[in-house]
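>>> Quick one, structure for this:
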Amino acid sequence: MSDEEKEKNAEAEELEAQEQVQDAPAEEKVAEPSLEEELLKWRDTAMRTAAEYDNYRKRMVKEKEECAKFANQRLLEELLPVIDNFEMGMAAASADASSMIYIGMSMVKKQLDEFLAGNGVSAVEPVVGSMFDHATEEALQREPSDQPEGTVLRVIRKGYMLKDRLLRPANVVVAHTPDPEPQV
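A predicted model of the protein is given here:
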């Protein structure tokens, strides 16, 4: 083979190689993302991560506030039966409202009420004759009555709210309209 023929073969091979590169499938050409696409991908990832962190931070602040708001809930729940018993003792002592025992108990009761109010506790005292409220009351008993169905007949024990959360429902007796007697 002469030098001219070798040169022509080399040129033909080079032309063929260039054609193959131009005819290469589109997948191979797109396989490597450009620097701009890479930058956009990482910018998106960073923004998503920042948003997730911000949401996490807000959720933790809210949970911390909730925890602080209701931190004394368990203590207050355990104190309520003591207050109930104290009020029963006051009711018994009220027969002689001028006695020193009753006056002393009234002073202690006032302090207890102030303590509860200072901790965000308020009493739930259903009104006799009002309709039963499922959100704040618990019906312990139903009694036949000429009152409309679900009317509060008696309050057995008052309930309590801790801020906007029910600490203990009020216990009540509600009216029940008796079924008419079957006529024979």
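>>> ok now do Glu87, which residues does it touch?
Lys109 (C-beta atoms under 8 Å, 6 or more residues apart in numbering). For every residue, glycine as well, the C-beta is placed using N, CA and C.
>>> what's the spacing between it and Val108?
Separation of Glu87 from Val108 (C-beta to C-beta, to the nearest Å): 11 Å.
>>> Over to Gly118?
With C-beta to C-beta as the criterion, Gly118 and Val108 are 15 Å apart.
>>> Those two: which is more packed in?
Using other C-beta atoms under 10 Å, the more surrounded residue of Gly118 and Val108 is Val108, with 11 against 8.
>>> what's the average pLDDT for whichever strand or helix holds Lys6?
Using DSSP states H and E, Lys6 falls within helix 3-22. Averaging pLDDT along helix 3-22 gives 71.
>>> Please renumber the chain so that the first residue is 675 from this point on.
I'll keep to 675 as the first residue from here, and by that count the last item is helix 677-696.
>>> Only C-alpha atoms, please: export it in CSV.
What follows is helix 677-696, C-alpha atoms only, in CSV (Å, rounded to 0.1, in the frame of the first residue of the first chain):
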residue,chain,number,x,y,z
ASP,A,677,1.4,6.4,1.2
GLU,A,678,-1.4,8.0,-0.8
GLU,A,679,-3.6,5.0,-0.2
LYS,A,680,-2.8,4.9,3.5
GLU,A,681,-3.6,8.6,3.7
LYS,A,682,-7.0,8.1,1.9
ASN,A,683,-7.8,5.2,4.3
ALA,A,684,-7.0,7.3,7.3
GLU,A,685,-9.2,10.2,6.0
ALA,A,686,-12.0,7.8,5.3
GLU,A,687,-11.8,6.3,8.8
GLU,A,688,-11.8,9.8,10.3
LEU,A,689,-14.8,10.8,8.3
GLU,A,690,-16.6,7.6,9.4
ALA,A,691,-15.8,8.3,13.1
GLN,A,692,-17.1,11.8,12.8
GLU,A,693,-20.3,10.5,11.3
GLN,A,694,-20.7,8.0,14.1
VAL,A,695,-20.4,10.7,16.7
GLN,A,696,-23.0,12.8,14.9
